[in-house]
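J.: My questions are about this predicted structure, shown below with the sequence.
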Amino acid sequence: METEATSLPARDPDHRAPDFRAPEARSFEPHPLRAEILGEIHARPFRLVSAPRVFLHYAFEVVRGASKPDRIAFNELCRAQGQPGPGPDARHHVIPFGTGTLKWERHAEFTTYSWDGPLPEGAAPFAERPIAHPFGSGFVPPGPLLVAVRLDLLRLGGDVEAVAHLFDPASLCVSDCFGGSAVAVTDFRQDGDGRTRILAIDRGLNDQQAGGLAQRLLEIETYRTIALLGLPEAQRIGPDIRRIERELADIGHRIRSTDGLEANRLLLSDITRLTADLEAGAAESSYRFGASRAYDDIVKDRLGAIHEHHVPGYGTWSSFLARRTGPAMRTVRATLQRQEDLSEKLNRAAQLLRTRVDIELEQQNRDLLESMNRRARQQLRLQQTVEGLSVAAVSYYVVGLIGYLFKAMKEAGRLPVDPNMATGFAVPVVLLVVALIVRRIRAAHSDDDHAGH
């Protein structure tokens, strides 16, 4: 059997097939933010650590926009250790320090310094021993201290009761993490050095899990502390909000009981003043409230990331923070909601008063137009009266002239009748002619007015 052959086009010797091999990415012009975007995903990687190890973590407030003193201080610390400092745009940097590692991180409104180093096998939790950390007398803090934490990552046998005496039983929190591979213990209280103590007991963590657990526990303490900065701000502006609410209620009663343009204008002025006071307070606190809510969400995310579970006989980290920091965050959110609700009420009251003022102005304008219409009608009547008098006056003068004309014609013998009789007969004719002329002049003026409109 013969098969049909498939014909292929002849290959053009001068035609080259396109090269689909990918060129080097560095040969393309990069977006100005490409490096920052790609680096963000690796900005805070988990360090590989293993027990036993100690972590000293500090967070310092840095005024927004004033990052140079902080960067300069850390650069000097790096030079003292013979290490290069961070670049001008770097937000994190790691250098070796003593037997451990120092990590510097620049956040939006605070800077963290975290040092970790090894502990001898069998070390007791929080035992005092000489540690070559950077936070001695020569350390220059970049700003006021916000957070101070000591975290010991140890391998300990026995149950939690063996270390429970190291913490305050009133606020002791114990959580199983990563399916029982670790136990996190703290009481969220400061020790004699002013640091919050956290004990992480390694019960089978690999190095990546150990580094991730340590970093997340430190972040929980950091962000839960900074999130509470919104509470003093809420308490500070609370009296102002209550004052504005009371004054707005008083204005509401006055709106119902008063009337008149001037009274409404005074009420509108009071509403404007209250709105300005509220917006000034909201502008000062909006960043703080927004940051507190964001930090609180981060704390919840970090708690979820460690996969904590309840240990019989003890409260978990989540339950403690929900009971202690939850009311503070609800106060922050309630204050923010009160500001938003009060702003809407002020806007509605101002709109109502503006409507009343507009209605009063329209009423005044209507009364003014009616008064103008009355004056216009009066002027029209006066004009018609004047026109009638003017017809009579003009006719009188015209008849007088005609009388002189008739008398002259009588003397000349050209008028066969008595001039007085001829003048008398001319009076109606003159009146009619003058009236017609005046009417035509008025009609011409009216046409000009309509044409102008």
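T.: Sure thing, it's come through.
J.: C-alpha only now, for contacts and for neighbours.
T.: Noted.
J.: So, low pLDDT: which residues of the protein?
T.: 1-27, 36, 38-45, 64-67, 129-130, 384, 388, 445-453 (pLDDT under 70).
J.: Please parse it into its domains.
T.: The record's domain parsing of the chain by automatic domain parsing lists 43-205, 230-367, 383-447.
J.: among those, which is nearest residue 33?
T.: domain 43-205 (12.1 Å; CA to CA).
J.: and that closest one, how far out from the chain's middle?
T.: The chain centroid and the centroid of domain 43-205 are separated by 34 Å under CA atoms, centre = their mean, to the nearest Å.
J.: on that earlier part again, ok, which of the domains of the chain comes nearest residue 377?
T.: With CA to CA, the closest approach to residue 377 among those belongs to domain 383-447: 9.6 Å.
J.: export the domains of the chain to a markdown table and tack on distance to residue 35?
T.: Converted to a markdown table, the domains of the chain look like this (distance: least, CA to CA, whole Å):
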| stretch | distance to residue 35 |
| --- | --- |
| domain 43-205 | 11 |
| domain 230-367 | 25 |
| domain 383-447 | 79 |
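J.: Specify the stretch among those that is closest to residue 219.
T.: domain 230-367 (7.5 Å).
J.: got the buried residues for stretch 394-401?
T.: 395, 398-399 (16 or more other CA atoms under 10 Å).
J.: Next step: those restricted to helices.
T.: 395, 398-399 (DSSP state H).
J.: and after the strand or helix carrying residue 151, which helix or strand comes next?
T.: Assigning secondary structure by DSSP states H and E places residue 151 in strand 145-154. Counting by DSSP H and E, the next helix or strand C-terminal to strand 145-154 is helix 161-164.
J.: and that next one, what does it pack onto?
T.: Judged by 3 or more CA pairs under 8 Å, 6 or more residues apart in numbering; DSSP states H and E, helix 161-164 has no packing partners among the helices and strands.
J.: what does it contact?
T.: Helix 161-164 has contacts (CA atoms under 8 Å, 6 or more residues apart in numbering) with residue 172.
J.: Where do the strands of this protein begin and end?
T.: Assigned by DSSP state E, the strands in the chain fall at 53-61, 92-97, 100-106, 110-118, 145-154, 173-177, 182-190, 196-202, 309-310.
J.: Between strand 53-61 and the fifth one, find me the angle.
T.: Between strand 145-154 and strand 53-61, the angle formed by their directions is 170 degrees, by axes from the mean of the first three to the mean of the last three CA atoms, to 10 degrees.
J.: ok, strand 145-154: who's next to it in the sheet?
T.: strand 53-61 (antiparallel), strand 196-202 (parallel) (DSSP bridges).
J.: In space, what's closest to the one residue sitting closest to the centre of the chain - neighbours in sequence excluded?
T.: Closest to where the C-alpha atoms of the chain average out (CA atoms, centre = their mean) is residue 286, at 6.6 Å. Among residues not flanking residue 286 along the chain, residue 336 sits closest, at 7.9 Å (CA to CA, 6 or more residues apart in numbering).
J.: What of residue 75?
T.: Closest to residue 75 by CA to CA, 6+ apart is residue 85, at 4.8 Å.
J.: which residues does the one you found contact?
T.: Residue 85 neighbours (CA under 8 Å, 6+ apart): 74-76, 78-79, 93.
J.: Any chance of a PyMOL selection covering the buried ones in the residues you listed?
T.: To isolate the buried ones among the contacts of residue 85 in PyMOL, judged by 16+ other CA under 10 Å, type:
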select buried, resi 74+75+78+93
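J.: Next one: residue 191 from residue 212, what distance?
T.: To residue 212, residue 191 is 24 Å away according to CA to CA, to the nearest Å.
J.: between those two, who's got more neighbours?
T.: Neighbours were counted for residue 191 and for residue 212 using other CA atoms under 10 Å; residue 212 has more, 19 against 12.
J.: any idea how far that one lies from residue 228?
T.: Going from residue 212 to residue 228 by CA to CA gives 24 Å.
J.: next one: residue 248
T.: 30 Å.
J.: residues near the nearest residue to residue 392 once chain neighbours are set aside, how many?
T.: In this structure, residue 392 finds its nearest non-sequential neighbour in residue 431, 7.2 Å apart by CA to CA, 6+ apart. Here the number of neighbours of residue 431 (other CA under 10 Å) works out to 19.
J.: ok, now residue 213?
T.: 24.
J.: I figured it was touching residue 306, is that so?
T.: Yes. The pair residue 213 / residue 306 is scored as a contact, 6.6 Å apart, by CA atoms under 8 Å.
J.: Let me see the ranges of the helices in the stretch 301-450 of the chain.
T.: Applying DSSP state H, counting those that start in this stretch to the stretch 301-450 of the chain gives helices spanning 317-324, 326-411, 419-452.
J.: Need the residues that contact stretch 338-354.
T.: Taking CA under 8 Å, 6+ apart as the rule, stretch 338-354 contacts 241, 245, 248, 252, 264-265, 267-268, 271-272, 274-275, 278-279, 282.
J.: Pull out the buried residues from that stretch.
T.: So for stretch 338-354, counting by 16+ other CA under 10 Å, buried means 338-339, 342-343, 346, 349-350, 353-354.
J.: Between the two ends of stretch 183-196, how far is it?
T.: 17 Å.
J.: Contacts for it, please.
T.: 147-150, 167-169, 171-177, 197-203.
J.: and which of the buried residues of stretch 338-354 is nearest residue 374?
T.: Set against residue 374, the nearest of the buried residues of stretch 338-354 by CA to CA is residue 354 (30.0 Å).
J.: Give me the distance between the closest one and residue 268.
T.: 7 Å.
J.: State the number of residues packed around the nearest residue to residue 204 once chain neighbours are set aside.
T.: Counting by CA to CA, 6+ apart, residue 204 lies nearest to residue 181, which is 4.9 Å off, once chain neighbours are set aside. Neighbours of residue 181 under the rule other CA under 10 Å: 15.
J.: and the residue lying closest to residue 216 once chain neighbours are set aside, what does it touch?
T.: Nearest residue to residue 216 in three dimensions, chain neighbours excluded: residue 302, at 5.9 Å (CA to CA, 6+ apart). Remark: with contacts taken as CA under 8 Å, 6+ apart, residue 302 is in contact with 216-217, 219-220.
J.: quick one: which of those residues sit in helices?
T.: 216-217, 219-220.
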